[in-house]
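Asks: 3D model of this:
(one chain, ligands or ions: 1)
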Amino acid sequence: MVFGASGQVGGAIVRELGVWGERIAGTRYAGSDGRYLRVDITDAGSVAEAFLATRPDLVWIPAAMPNVDWCEEHPDDSWAVNVQGPRSIVEHARREDIPVIFFSTDYVFDGTHGPYVETDVVHPLQTYGKHKAEAEQYLLQYPGALVVRPAWIYSEDAMPRNFVYRVLQDFKDERPIRALADQISTPTPAGPMVKMAWQAVQDGFRGVLHLAGPERLSRFELVRRIAQLSGHDPGMVQSVGSHALSLPARRPLDGGLATLFSRYAIQERLEDLDFVKLA
Ligand SMILES: NC(=O)c1ccc[n+]([C@@H]2O[C@H](COP(=O)([O-])OP(=O)(O)OC[C@H]3O[C@@H](n4cnc5c(N)ncnc54)[C@H](OP(=O)(O)O)[C@@H]3O)[C@@H](O)[C@H]2O)c1
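Replies: Numbering: from 1, shown residues only. Purely as a prediction, here's the structure:
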């Protein structure tokens with residue numbers, strides 16, 4: 001069962017597990033994909049109905065509100081989706097002893113000395129990170145929970161939620177792009193991340209696992225790399241410092257993730273993305 005199958009990571013889960021022949025039920029919220037049940041995870045009744053209707057034996061929770069600035073400006077709504085939602089899902093899962101895979105974020109760290117490993121102490125700077133850290137704490141009380149932390153996810157989906165797709169649209173429309181030169185992280189390909197999470201859960205791994213891409217880049221370097229790989233002009237990308245943009249939420253600047261569990265290390269880089277599919 002995938003809560004949030006209509007999202008970027010949810011789509012990758014459905015694709016990857018589908019390849020392996022697993023039977024998958026999924027949910028959507030505002031999306032209109034008729035394959036999925038409409039579920040509001042902030043509504044305990046809606047979550048209960050989803051469990052009743054599908055009787056899952058494994059639960060994935062990519063459902064979230066990951067827009068950090070929106071969360072900063074709507075803290076109550078952020079808490080409802082990012083904390084209360086996963087809590088009510090895990091309560092059901094625990095009752096039925098079902099393993100849960102929850103997606104957290106590198107934003108649980110403050111970005112003073114990245115990359116961070118699983119044993120580093122969390123210290124979020126903004127509402128989104130605080131709420132994800134609170135959800136993690138709750139989930140980790142359940143021995144059946146795997147908490148995956150990715151960072152800066154991208155995918156092969158032609159959807160605006162995919163950062164690479166958004167950037168490609170800007171290039172196509174010849175919109176100048178400004179990208180932060182002082183925020184560094186580890187861009188994470190959604191498909192390989194899902195494969196590793198699936199492998200880990202089958203191995204019986206529970207607790208916190210960092211699943212991020214192998215390179216640490218600034219946003220500016222990342223966007224220039226996307227330009228190079230897709231045949232656009234990297235000169236269209238302008239570098240800015242975070243102080244120049246008055247964004248509502250503070251970002252972890254020297255961030256990114258590494259893992260202590262090298263057998264789950266993701267090897268795929270941006271070069272391995274199928275840019276033709278996204279064109
Ligand atoms: N994107 C990143 O760069 C990034 C980086 C690090 C960690 N993460 C984490 O990775 C996970 C997946 O992110 P993503 O990029 O796949 O996000 P996404 O594309 O925005 O997908 C979010 C999903 O949550 C669903 N949803 C939103 N509100 C809901 C509600 N009230 N009830 C039920 N479902 C609801 C959405 O449904 P509809 O689309 O139908 O509304 C969608 O399926 C999140 O936990 C996020 O915090 C993301």
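Asks: ok, so what distance separates residue 261 from the ligand?
Replies: Taking C-beta to the nearest ligand atom, to the nearest Å as the measure, residue 261 falls 18 Å from the ligand. For the C-beta atoms, the positions are set from N, CA and C on the backbone; glycine is no exception.
Asks: surely that residue touches residue 207?
Replies: No: look at residue 261 against residue 207 with C-beta atoms under 8 Å: they stay out of range, at 10.0 Å.
Asks: so between these two, which is more surrounded?
Replies: Per other C-beta atoms under 10 Å, whichever of residue 261 and residue 207 has more neighbours is residue 261, with 17 against 13.
Asks: roughly how far apart are the more buried one and residue 185?
Replies: The gap separating residue 261 from residue 185 is 19 Å, by C-beta to C-beta, to the nearest Å.
Asks: what sits in contact with each of residue 261 and residue 207?
Replies: Shared contacts of residue 261 and residue 207, defined by C-beta atoms under 8 Å, 6 or more residues apart in numbering, are found at residue 118.
Asks: which stretches in the stretch 101-250 of the chain count as helices?
Replies: 127-139, 163-172, 190-202, 219-229 (DSSP state H, counting those that start in this stretch).
Asks: how many residues are close by the one residue in the chain that gets nearest to the ligand?
Replies: Proximity of the chain to the ligand (C-beta to the nearest ligand atom) peaks at residue 7, 2.1 Å away. Here the number of neighbours of residue 7 (other C-beta under 10 Å) works out to 26.
Asks: which residues sit in contact with it?
Replies: Contacts for residue 7 (C-beta under 8 Å, 6+ apart) come out as 62, 63, 64, 161.
Asks: quickly name whichever of those residues is closest to residue 93.
Replies: For the contacts of residue 7, the minimum distance to residue 93 (C-beta to C-beta) is 13.6 Å, reached by residue 63.
Asks: tell me the contacts of that closest one?
Replies: Residue 63 is in contact with 3, 4, 7, 10, 27, 29, 41, 81, 85, 86, counting by C-beta under 8 Å, 6+ apart.
Asks: ok, and the most crowded of those?
Replies: residue 86 (31 neighbours).
Asks: hey, where'd the strands end up in this structure?
Replies: Remark: strands assigned in the chain by DSSP state E are 27-28, 37-38, 59-61, 100-103, 145-149, 153-154, 177-180, 184-185, 188-189, 207-210, 217-218, 237-240.
Asks: the third one - contacts with which helices or strands?
Replies: Read that as strand 59-61. helix 85-96, strand 100-103 (3 or more C-beta pairs under 8 Å, 6 or more residues apart in numbering; DSSP states H and E).
Asks: check which helices and strands the shortest one is in contact with.
Replies: Secondary-structure packing of strand 100-103 (3+ C-beta pairs under 8 Å, 6+ apart): strand 59-61, helix 85-96, helix 127-139, strand 145-149.
Asks: residue contacts, residue 64?
Replies: Counted by C-beta under 8 Å, 6+ apart, residue 64 has contacts 4, 7, 81, 82, 85, 103, 132.
Asks: sorry, back to before: now the helices and strands packed on strand 59-61 in CSV, with distance to the ligand and mean pLDDT?
Replies: Output for the helices and strands packed on strand 59-61, formatted as CSV (distance: least, C-beta to the nearest ligand atom, whole Å; pLDDT from 0 to 100):
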stretch, distance to the ligand, mean pLDDT
helix 85-96, 6, 97
strand 100-103, 4, 98
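Asks: tell me which of the ones you listed is the most buried.
Replies: strand 100-103 (a mean of 26; mean count of other C-beta atoms under 10 Å).
Asks: and it, how far out from the chain middle?
Replies: 11 Å (C-alpha atoms, centre = their mean, to the nearest Å).
Asks: now do stretch 155-165
Replies: Counting by C-alpha atoms, centre = their mean, stretch 155-165 is centred 12 Å from the centre of its parent chain.
Asks: and stretch 133-145, by the same measure?
Replies: Put simply, stretch 133-145 sits 17 Å off its chain's centre (C-alpha atoms, centre = their mean).
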